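Visitor: Using only what follows, build the 3D model:
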Amino acid sequence: MARYIGPVCRLCRASGQKLYLKGNRCFSDKCALERRNTKPGMHGASSSKMTEYAVQLREKQKVKNIYGLLEKQFYKYYEEADKKEGITGELLLSLLEQRLDNIIFRLGVAKSRSQARQIVRHKHVKVNGKIVNIPSFRVKEGDVISVSEKSKDITIIKEAVETAKVPSWLDFNAEKLEGKLVQLPKRDAIDYEINEQLIVEFYSR
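Guide: From the prediction side, this is the model:
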C-alpha cells in the first residue's frame, strides 16, 4: 500500500504545530519545529494571509498526517462519518482513533503511530486472542488488544511501555501487555489541537 516516505518533520513545520510523528524526538530539543519554526520551502518565512480554502486544506492535511493516511483512505472515513447520525467532525475523529495502529500507539506499546503500524504488520498484536496484522482494523468497544507472547521481549515495545500515558477510554495492564477499549473515544478525550469543523467544511464545498 502507498504511504508517505518523506521527512515527517517537514509535515509538522507545514502544519505549524507538533504532530508527534517521531516519538521521543518530538519532546527533545532536536524537534525540527523547535529549531526552525517556519514552513518548509524557499518562502517558508512568508507571512501572507491564508485564504479560507487554504485554512481548511491545511487542517485536513494536518489530521491526515497525524494518523498517517493518504487522501483516499481519509476521505472514506469522512464519507462514513457523514452518513452516521451525529456531529460529522467528531464521528470522523472517533473512527480514526479506533484504528488498530492508533490503539497500539495510545496504549503506549509504540512511541509513534508509524512504529505502531510496523508492530501490527509484523504480527505482534492480537485482538480478542487472534493475530491481526491490518493497521486499519477497527477496534470495537469491549475488544481486548494484546501483544503476542513471543513478542513481549521486543526492545522497542518494552521501552515504549515504560513511558506510556494511557487515555481514560482505554484500560491497559503493563505487565501482561494487554489492553481493552473500554468505551468509544469522545471528542474531549482526543488531545490534539484540531478544528474538525474545518475538515467538514472543506469536503462540503
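Visitor: Can I get stretch 134-143 in CSV, CA atoms only?
Guide: The C-alpha atoms that make up stretch 134-143 are tabulated as CSV, following Å, rounded to 0.1, in the frame of the first residue of the first chain:
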residue,chain,number,x,y,z
ILE,A,134,-4.0,-4.9,9.4
PRO,A,135,-3.3,-1.4,10.8
SER,A,136,-6.7,-0.1,9.7
PHE,A,137,-8.6,-2.8,11.6
ARG,A,138,-11.4,-1.2,13.5
VAL,A,139,-11.3,-2.0,17.2
LYS,A,140,-14.8,-2.1,18.8
GLU,A,141,-15.9,-1.3,22.3
GLY,A,142,-15.1,-4.2,24.6
ASP,A,143,-12.3,-5.7,22.3
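Visitor: For it, buried residues please.
Guide: Buried residues in stretch 134-143, counting neighbours by 16 or more other Cβ atoms under 10 Å, are found at 135, 136, 137, 139, 143. Bear in mind the C-beta positions are built from the backbone N, C-alpha and C, glycine included.
Visitor: Stretch 69-82 too?
Guide: 69, 73, 74, 77, 78, 81.
Visitor: roughly how far apart are residue 114 and residue 155?
Guide: 17 Å (Cβ to Cβ, to the nearest Å).
Visitor: Same check on residue 138?
Guide: Residue 138 is 29 Å from residue 155, by Cβ to Cβ.
Visitor: quick one: the helices in the protein?
Guide: Taking DSSP state H, the helices of the chain run over residues 8-15, 32-35, 52-67, 71-83, 88-97, 100-106, 113-121, 155-162, 196-203.
Visitor: Mean neighbour count, the ones you listed: which tops it?
Guide: Stretch with highest mean neighbour count among the helices of the chain: helix 100-106 (a mean of 25; mean count of other Cβ atoms under 10 Å).
Visitor: still on that earlier bit, and the helices of the chain: which comes nearest residue 186?
Guide: Of all the helices of the chain, helix 88-97 sits nearest to residue 186, with 7.5 Å by Cβ to Cβ.
Visitor: which strands and helices sit next to the closest one?
Guide: helix 52-67, helix 71-83, helix 100-106, helix 196-203 (3 or more Cβ pairs under 8 Å, 6 or more residues apart in numbering; DSSP states H and E).
Visitor: can you list those helices in CSV and add distance to residue 161 and mean pLDDT?
Guide: Below are the helices and strands packed on helix 88-97 laid out as CSV (distance: least, Cβ to Cβ, whole Å; pLDDT from 0 to 100):
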stretch, distance to residue 161, mean pLDDT
helix 52-67, 22, 96
helix 71-83, 28, 97
helix 100-106, 11, 98
helix 196-203, 30, 97
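Visitor: Compare these and report which one is nearest to residue 150.
Guide: helix 100-106 (16.6 Å).
Visitor: Other residues contacting that closest one?
Guide: Here helix 100-106 makes contact (Cβ atoms under 8 Å, 6 or more residues apart in numbering) with 67-68, 96-97, 110, 112-113, 115-117, 119-120, 125, 127, 132, 134-139, 145, 166-167, 170, 179, 181.
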